[in-house]
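Asker: next input, structure requested:
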Amino acid sequence: MANDIRVCEKCKHVKLKSMVAKLQQMAPDADIKIGCKSYCGPCGKRAFVFINGRYISAPTEEEVLVKVAPFIKK
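Answerer: Numbering: from 1, shown residues only. This next block holds a predicted model:
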């Protein structure tokens, strides 16, 4: 089953191009969708990724990618 990954293009705590590239390396089979996730409060304060039904957040892009890794389906 492919991973369902969603990121917000308006998040000020990530660089969208680098985030998507890193997520594609981590989960090549992923269906990555880009768009508003209506998660504006937390999104305005921290980087976040919605993966397989879970919101994962951290202060920086690199930290959120580390936290996302365990939730990637192999």
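Asker: let me know whether residue 56 touches residue 66 as I believe.
Answerer: No: contact between residue 56 and residue 66 fails when scored by Cβ atoms under 8 Å: they sit 9.7 Å apart. (Glycine included, C-beta is placed from N, CA and C.)
Asker: those two - which one has more neighbours?
Answerer: residue 56 (20 against 11; other Cβ atoms under 10 Å).
Asker: for the more buried one, which three-state class applies?
Answerer: Assigned with DSSP: H, G, I helix; E, B strand; the rest coil, residue 56 falls in the strand class.
Asker: could I get the contacting residues of it?
Answerer: 48, 49, 50, 64, 67, 68, 71 (Cβ atoms under 8 Å, 6 or more residues apart in numbering).
Asker: what subset of those residues is buried?
Answerer: Burial by neighbour count, 16 or more other Cβ atoms under 10 Å: within the contacts of residue 56 this picks out 48, 49, 50, 64, 67, 68.
Asker: what bridges to the residue nearest the centre of the chain?
Answerer: Note on the chain: the residue nearest the mean C-alpha position is residue 49, at 2.5 Å, using Cα atoms, centre = their mean. In this structure, residue 49 bridges to residue 56 when assessed by DSSP bridges.
Asker: can you tell me the element the closest residue to residue 20 other than its chain neighbours falls in?
Answerer: Counting by Cβ to Cβ, 6 or more residues apart in numbering, residue 32 is the residue found nearest to residue 20 once chain neighbours are left out, at 5.9 Å. According to DSSP states H and E, residue 32 maps onto strand 31-34.
Asker: circling back: ok, the residue nearest to residue 20 to residue 5 distance?
Answerer: For residue 32, the distance to residue 5 under the criterion Cβ to Cβ, to the nearest Å works out to 5 Å.
Asker: so for the two, which sits in the more crowded spot?
Answerer: When neighbours are counted by other Cβ under 10 Å, residue 5 comes out ahead of the other of residue 32 and residue 5, with 23 against 17.
Asker: who's in contact with residue 64?
Answerer: Under the criterion of Cβ under 8 Å, 6+ apart, the neighbours of residue 64 are 14, 46, 47, 48, 49, 56, 57, 58.
Asker: also residue 36?
Answerer: Residues in contact with residue 36, defined by Cβ under 8 Å, 6+ apart, are 8, 9, 10.
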